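Peer 1: Here is a sequence together with a model predicted from it:
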Amino acid sequence: MPHLGERLLADRVRLTPGEVRYDRFSDSGRESEVTVPVAEFRAEACKDR
């Protein structure tokens with residue numbers, strides 16, 4: 001099983017221009033790693049501003 005550093009590097013290699021990867025938390029507190037287009041990330045991150 002690859003260690004954390006290898007998994008993080010592999011995740012970054014799969015990113016394409018215009019995508020971001022971040023930890024998303026649900027309303028119940030559940031955490032998941034997601035990769036989304038920058039526009040979707042901005043819409044979600046800025047919706048309460």
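Peer 2: Right, received. Where do you want to start?
Peer 1: Show residues contacting whichever helix or strand residue 41 is part of.
Peer 2: Here residue 41, judged by DSSP states H and E, is contained in helix 38-45. Residues from elsewhere that reach helix 38-45 (Cβ atoms under 8 Å, 6 or more residues apart in numbering): 18-20, 22, 36. Heads up, the C-betas are built off the backbone N, CA and C, glycines and all.
Peer 1: which two from those residues end up farthest apart in space?
Peer 2: Largest separation among those by Cβ to Cβ: 18 and 22, giving 14.3 Å.
Peer 1: ok, residue 43 to residue 27 distance?
Peer 2: The gap separating residue 43 from residue 27 is 17 Å, by Cβ to Cβ, to the nearest Å.
Peer 1: Neighbour count for these two, which is higher?
Peer 2: Shown here are residue 43 and residue 27; by other Cβ atoms under 10 Å, residue 43 has more neighbours (11 against 5).
Peer 1: pLDDT wise, what is that one at?
Peer 2: On the pLDDT scale, residue 43 is placed at 90.
Peer 1: Residue 37 now?
Peer 2: Reported pLDDT at residue 37 in the predicted model: 93.
Peer 1: Burial check on it, number of neighbours?
Peer 2: 12.
Peer 1: Equivalent analysis for residue 21, please.
Peer 2: 14.
Peer 1: which residues does it bridge with?
Peer 2: residue 35 (DSSP bridges).
Peer 1: Is it in contact with residue 13, as I believe?
Peer 2: No. With contact defined as Cβ atoms under 8 Å, residue 21 does not reach residue 13; the gap is 10.9 Å.
Peer 1: Quick one: neighbours of residue 24, just the number.
Peer 2: Residue 24 has 12 neighbours, counted by other Cβ under 10 Å.
Peer 1: in what helix or strand does it lie?
Peer 2: Judged by DSSP H and E, residue 24 forms part of strand 19-25.
Peer 1: hang on, the earlier thing: neighbour count for residue 18 and residue 22, which is higher?
Peer 2: When neighbours are counted by other Cβ under 10 Å, residue 18 and residue 22 differ, and residue 22 comes out ahead with 12 against 9.
Peer 1: Appreciated, that's everything.
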